[in-house]
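1. can you look at this prediction? I've put the sequence above it.
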Amino acid sequence: MAASPPVAVIMGSQSDWATMRHAAETLDALGIPYESRIVSAHRTPDRLVAFAKGAKAAGVRVVIAGAGGAAHLPGMAAAMTPLPVFGVPVESKALSGQDSLLSIVQMPAGIPVGTLAIGRAGAVNAALLAAAVLALTDDALAGRLDAWRARQSAAVAEHPDTSAS
Ligand code: RP5
């Protein structure tokens, strides 16, 4: 029996939460259950293996993985699960997340990681992509996703506020 929610938001460190919380908040806004976990490819490799090998059987359908620096986590997770994995490059202090981006995006052919933008935009969009995947087989969620996008469109002013700096 599936015990896990359909989305797993994993990250390499507590320090990634400041970025990954934007994925969590987006999933909340769409009413998608998820679990968030710290799973470090470097510091907790056994936890990573257990998570990735067991995720599908546990009921996870999409994995969102955020990491920074030498960001092996999304690729290693993808190597051990057939589930779709969306990678979020966390902005690193040393190289502004370019190291994270290149570590995640340059997967050799055969093990894909859907790589998003560095930082908050990537975290939000990873959640929206997870929603789009789940919405393929969930009409109620598809409706919520359409409504979310319509609200976003409605919130964009047609003309700029020229008094703003
Ligand atoms: C990576 O190292 C994590 O994903 C994090 O982005 C980075 C730094 O981790 P901390 O030193 O802040 O724990 O594994």
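-> Happy to help now that I have it.

2. drop to CA atoms for contacts and neighbour counts, all remaining ones
-> OK.

3. for residue 67, helix, strand, or coil?
-> Three-state assignment for residue 67 (DSSP: H, G, I helix; E, B strand; the rest coil): strand.

4. could you measure from it over to the ligand?
-> 3 Å (CA to the nearest ligand atom, to the nearest Å).

5. could you report the neighbour count for that residue?
-> By other CA atoms under 10 Å, the residues close to residue 67 number 33.

6. pretty sure it contacts residue 17?
-> No - in this structure, residue 67 is not within contact of residue 17 by CA atoms under 8 Å, at 9.8 Å.

7. so what sits against both of those two?
-> Common neighbours of residue 67 and residue 17, using CA atoms under 8 Å, 6 or more residues apart in numbering, are residue 11.

8. which bits of the protein sit near the ligand?
-> With CA under 6 Å from any ligand atom as the criterion, the chain comes near the ligand at residues 11-13, 15-16, 40, 67-69, 90.

9. what two of those residues are the furthest from one another?
-> By the measure CA to CA, 40 and 90 form the most distant pair in the residues of the chain next to the ligand, at 13.5 Å.
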